[in-house]
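> Next one to model:
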Amino acid sequence: MRIGLVGDESSHADALAGWLARHPDAGARLTAVVGPTRGWEGLDVVAEPPDLVGLVDAAVVLGRDGSHHRGAAEPLLRAGLSVFVDKPFALTSRDAAALIAQARAAGGRVTSFSALRWHRGVAGVSPARPDDVRVVRVSGPTDPASPHGGRAFYAPHAIELALALAPGPVRDLSAHPTREGVVLRCRTSCPIEIRLLGQEAPFRARVTTPSGARQAELPLGPDYFDPAAAAIMRFLAGGPSPVAHAEVLDGVRLLEAALRAEACPGR
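Okay, here's the model as predicted:
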C-alpha cells in the first residue's frame with residue numbers, strides 16, 4: 001500500500017515513518033509527500049494534496065494546524081481515497097461534517113484519533129465493567145499561544161481521552177474560561193469534566209466508580225504514538241476505525257466550544 005504524506009512538520013510524521021520502517025510486514029510504505037519542509041529520501045515530492053491522486057493508495061494528513069485539514073483532505077476523499085487526519089480533525093463542526101460527508105459521497109474513508117486513547121495508564125483507571133463509570137475527569141496541557149491554532153493543537157488529546165473513558169452521544173455541553181485555561185463539561189454515559197490547562201500541565205485522568213475513584217497521570221513516552229500508527233495502517237488497509245464518525249464529530253464540537261469560550265468569554 002502506497003501512502004502519501006500531507007504535512008511533515010509534526011513529530012508524528014517521524015514517528016509514523018519510523019513505525020513503518022520497523023514493521024515491513026504491514027505492507028505499507030510512504031511513497032510521496034506534499035510540499036515537504038525537509039528532505040525525504042526516496043519519496044515523490046508534489047506541490048498540492050490533489051497531486052497525490054494516482055500516486056498513492058491512501059494518505060495521512062499530519063499538518064499541525066487543524067484549520068488547514070479540510071482543504072488538505074477533501075480533494076483526496078473526493079478521489080475515493082482512505083485518509084487519516086491527525087488531531088485536530090477540524091476546528092469547526094462545519095468542516096468536520098463536510099469531510100465525513102465528502103468521504104461518504106465519493107466512496108472514500110476518513111477518520112481521526114488521538115494516540116492517548118491507547119496509553120498504558122488508561123487501563124489502570126478503566127473499570128472492568130464500563131457501566132460502572134459514574135464520573136470522568138480529565139485534564140491536560142494546551143498552549144493558548146501556539147502558532148498551530150492555540151489550544152486546538154493539543155486539546156484533542158484530553159477531549160478524546162474523556163470520550164473514550166465515557167462513550168456515548170455528547171449532550172448538555174458547556175465551556176467556561178478560567179485563569180488556568182478552559183473547563184468543558186458535558187454528559188455522555190455519565191458526567192464528564194475536561195480541564196484544558198497550561199502547557200506544563202501533565203495529562204491526568206480520574207474515573208469514579210461505585211467502589212471509589214481511580215486516577216493516573218499519563219506521561220507521553222518516546223513510543224506513545226506506536227499504537228496509533230498501527231491503528232492508522234489497519235484503517236488505511238480497509239479495517240474499521242477505532243473511533244466512529246459520531247464520536248469524531250462530538251470531539252470537534254467540544255473543541256469548538258472551548259475555542260469559542262476562550263475567544264468570547266462573555267457569551
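> what sits up against stretch 167-174?
Stretch 167-174 is contacted from outside by 130, 163, 184-189, 246-247, 250, 253-254, 257, using C-beta atoms under 8 Å, 6 or more residues apart in numbering. The C-beta positions use only the backbone N, C-alpha and C, and glycine is treated the same way.
> elements contacting the one helix or strand residue 184 maps to?
According to DSSP states H and E, residue 184 maps onto strand 182-187. Under the contact criterion of 3 or more C-beta pairs under 8 Å, 6 or more residues apart in numbering; DSSP states H and E, strand 182-187 touches strand 171-177, strand 191-197, helix 245-263.
> buried sites along it?
Applying a neighbour-count criterion of 16 or more other C-beta atoms under 10 Å, the buried positions in strand 182-187 are 182, 183, 184, 185, 186.
> got the angle for that strand vs helix 245-263?
Orientation check (axes from the mean of the first three to the mean of the last three C-alpha atoms, to 10 degrees): strand 182-187 against helix 245-263 gives 140 degrees.
> Return strand 182-187 as PDB; C-alpha atoms alone will do.
Once non-C-alpha atoms are left out, strand 182-187 reads as follows in PDB (Å, rounded to 0.1, in the frame of the first residue of the first chain):
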ATOM      1  CA  VAL A 182     -10.800  26.300  29.800                       C
ATOM      2  CA  VAL A 183     -13.200  23.900  31.500                       C
ATOM      3  CA  LEU A 184     -15.500  21.800  29.400                       C
ATOM      4  CA  ARG A 185     -18.500  19.900  31.000                       C
ATOM      5  CA  CYS A 186     -20.900  17.600  29.300                       C
ATOM      6  CA  ARG A 187     -22.700  14.300  29.700                       C
END
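> related to what we said a few turns ago, which of the contacts of stretch 167-174 count as buried?
Buried, going by 16+ other C-beta under 10 Å: 163, 184, 185, 186, 188, 247, 250, 253, 254, 257, out of the contacts of stretch 167-174.
> Number of residues surrounding residue 51?
By other C-beta atoms under 10 Å, 16 other residues sit near residue 51.
> Distance check, it against residue 108.
When distance is defined by C-beta to C-beta, to the nearest Å, residue 51 is 17 Å away from residue 108.
> just residue 129 next, same as before
37 Å.
> Which one's more surrounded, those two?
Neighbour count, other C-beta under 10 Å: between residue 129 and residue 108, residue 108 has more, with 21 against 9.
> Which one, of the helices and strands packed on strand 182-187, ends up nearest to residue 208?
When those are compared by C-beta to C-beta, strand 191-197 sits nearest residue 208, at 9.3 Å.
> Each with direction, which strands does the closest one pair with?
strand 135-141 (parallel), strand 182-187 (antiparallel) (DSSP bridges).
> Save those strands as TSV, and put in mean pLDDT and distance to residue 82 too.
Output for the strands paired with strand 191-197, formatted as TSV (pLDDT from 0 to 100; distance: least, C-beta to C-beta, whole Å):
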stretch	mean pLDDT	distance to residue 82
strand 135-141	98	29
strand 182-187	98	30
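> Dump these to a markdown table, plus distance to residue 210.
What follows is the strands paired with strand 191-197, written out as a markdown table (distance: least, C-beta to C-beta, whole Å):
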| stretch | distance to residue 210 |
| --- | --- |
| strand 135-141 | 11 |
| strand 182-187 | 18 |
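> To residue 201, which of those strands lies closest?
Here strand 135-141 is closest among those (C-beta to C-beta), at 4.5 Å.
> Please enumerate residues in contact with the strand or helix carrying residue 205?
Here residue 205 sits within strand 204-209, counting by DSSP H and E. Here strand 204-209 makes contact (C-beta under 8 Å, 6+ apart) with 121-122, 125-127, 132-140, 161-162, 165, 213-218.
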